[in-house]
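A.B. asks: predicted model, plus sequence, below.
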2 protein chains.
Amino acid sequence: MPLDPEISQRLRRDAAGLVCAVIQDDETDAVLMVGWMDDEALHRTLTEGRVTFWSRSRGEYWRKGDTSGHVQWVRSAALDCDGDAVLVRVIQVGAACHTGTRTCFEAGGDLGAVVGE
Amino acid sequence: MPLDPEISQRLRRDAAGLVCAVIQDDETDAVLMVGWMDDEALHRTLTEGRVTFWSRSRGEYWRKGDTSGHVQWVRSAALDCDGDAVLVRVIQVGAACHTGTRTCFEAGGDLGAVVGE
């Protein structure tokens, strides 16, 4: 069974057929990571209770935690106004980042932005 | 002056030369919206104290709030582990979404995900 057509027709995919998936910790509200989903990855995420991405680097589906044990249990998912991003709130088991940090943004690190008004 | 080469060389851009920018409310931790940045938009965001995106639909730079007044004042910016997403924490003036809702995910709405364990 494919992705609900009502949802599918609202997606605005990039040239590779993907939308951006922002993963937010449902307990702390931290933004844990960003991944990518095609229709099938989104369908699995919405129906299986666990987050599945499309890996752009490996060219395959990737259900978070299958190898690492760092499962993301889905709490809710919402689409944005123009259909190119999904916000998935999760219970994160262990580290979200493959480097071992809780979030992927801790791993990449601060960019030293000038603070506005 | 272009983007700091040390940052530029860490970016992993999509086919259109863009990275994903997740905008998070620095006061409430809500994820407000997702936009796209090329090197120049990121450079402006890191140095001007306000968020600038690249508009994929209009094909132009777009400094948030210039027409709506709904300015995003930068508080911090961080890159993720693989360089394809930036997390920008902001003070959001007014609605983040052009539809008038506080976040773009309220506008798009819940997708009815099955809740995991």
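C.D. replies: Yes, it's here.
A.B. asks: the lengthiest helix in chain A: which residues count as buried?
C.D. replies: Criterion DSSP state H: the longest helix present in chain A is helix A:39-48. Of all the residues in helix A:39-48, those buried under the rule 16 or more other Cβ atoms under 10 Å in any protein chain shown are A:39, A:41-47. In this view, the C-beta of every residue, glycine as well, is placed from N, C-alpha and C.
A.B. asks: now do it, average pLDDT.
C.D. replies: For helix A:39-48, mean pLDDT rounds to 98.
A.B. asks: measure the residue nearest to the spatial centre of chain A to chain B for me?
C.D. replies: Most central in chain A under Cα atoms, centre = their mean is residue A:21, positioned 3.6 Å from the mean C-alpha point. Residue A:21 sits 10 Å away from chain B, taking Cβ to the nearest Cβ, to the nearest Å as the criterion.
A.B. asks: give me the element that residue is part of.
C.D. replies: Assessed by DSSP states H and E, residue A:21 sits inside strand A:19-25.
A.B. asks: quick revisit: how about the buried residues of helix A:39-48, which pair is most distant?
C.D. replies: Comparing all pairs in those by Cβ to Cβ, the longest separation belongs to A:39 and A:47, at 12.2 Å.
A.B. asks: looking at it, residue A:41 is touching residue A:64, isn't it?
C.D. replies: No. Applying Cβ atoms under 8 Å as the test, residue A:41 and residue A:64 come out as separate, 10.6 Å apart.
A.B. asks: hang on, the earlier thing: nearest to chain B, of the buried residues of helix A:39-48?
C.D. replies: Checking the buried residues of helix A:39-48 against chain B with Cβ to the nearest Cβ, the nearest one is residue A:46 at 4.6 Å.
A.B. asks: which residue is the nearest non-sequential neighbour of that closest one?
C.D. replies: Once flanking residues are discounted, residue A:46 sits nearest to residue B:113: 4.6 Å by Cβ to Cβ, 6 or more residues apart in numbering or on different chains.
A.B. asks: between residue A:41 and residue A:64, what contacts are shared?
C.D. replies: A:52-53 (Cβ atoms under 8 Å, 6 or more residues apart in numbering or on different chains).
A.B. asks: and the helices in chain A?
C.D. replies: Counting by DSSP H, the helices of chain A are A:5-8, A:39-48, A:104-108.
A.B. asks: no further questions, thank you.
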